[in-house]
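# Only the shape, not the letters, is given here:
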């Protein structure tokens with residue numbers, strides 16, 4: 001009985017410290033990004049982030065969400081098709097953040113090819 005109470009406290013503390021990653025979910029220890037196309041013709045985009053760490057998934061997911069906000073109007077207007085959008089967003093996934101201290105710019109905005 002006491003072990004169940006202990007695990008509930010640990011899980012509650014973990015949930016408070018680690019909030020959910022927007023537009024991201026975990027399947028078999030790998031993170032995926034999922035977003036619905038806005039508008040009357042809703043379509044689902046789902047991409048594998050190919051990472052197992054929550055911190056890296058959070059960085060990549062926020063980058064994908066920002067870029068999709070910028071590119072969804074092009075997709076809905078017909079200037080970009082779904083295959084072009086997916087290939088562009090997959091290109092963002094293979095980029096990794098530069099570790100802090102290795103570049104003069106901020107580590108959150110500095111990106112390099114893996």
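Perfect, thanks for sending it. These numbers were taken from a predicted model, which means no experiment stands behind them.
# can you tell me which helix in this protein is longest?
helix 54-77 (DSSP state H).
# Point out the other helices and strands that the helix or strand that that one is followed by packs with.
Going down the chain from helix 54-77, the next helix or strand is helix 82-93, by DSSP states H and E. Judged by 3 or more CB pairs under 8 Å, 6 or more residues apart in numbering; DSSP states H and E, helix 82-93 is in contact with strand 44-48, helix 54-77. The C-beta positions use only the backbone N, C-alpha and C, and glycine is treated the same way.
# For the first one, give me every contacting residue.
Which is strand 44-48. 30-37, 64, 68, 82, 85-86, 89-90, 93 (CB atoms under 8 Å, 6 or more residues apart in numbering).
# Just the buried ones among these, please.
Using 16 or more other CB atoms under 10 Å as the burial test, the contacts of strand 44-48 include 31-33, 35, 37, 64, 68, 85, 89, 93 as buried.
# ok so, going back, so for residue 22, which of the helices and strands packed on helix 82-93 sits nearest?
helix 54-77 (6.3 Å; CB to CB).
# orientation of the closest one relative to helix 82-93 in degrees?
In terms of direction (axes from the mean of the first three to the mean of the last three CA atoms, to 10 degrees), helix 54-77 departs from helix 82-93 by 150 degrees.
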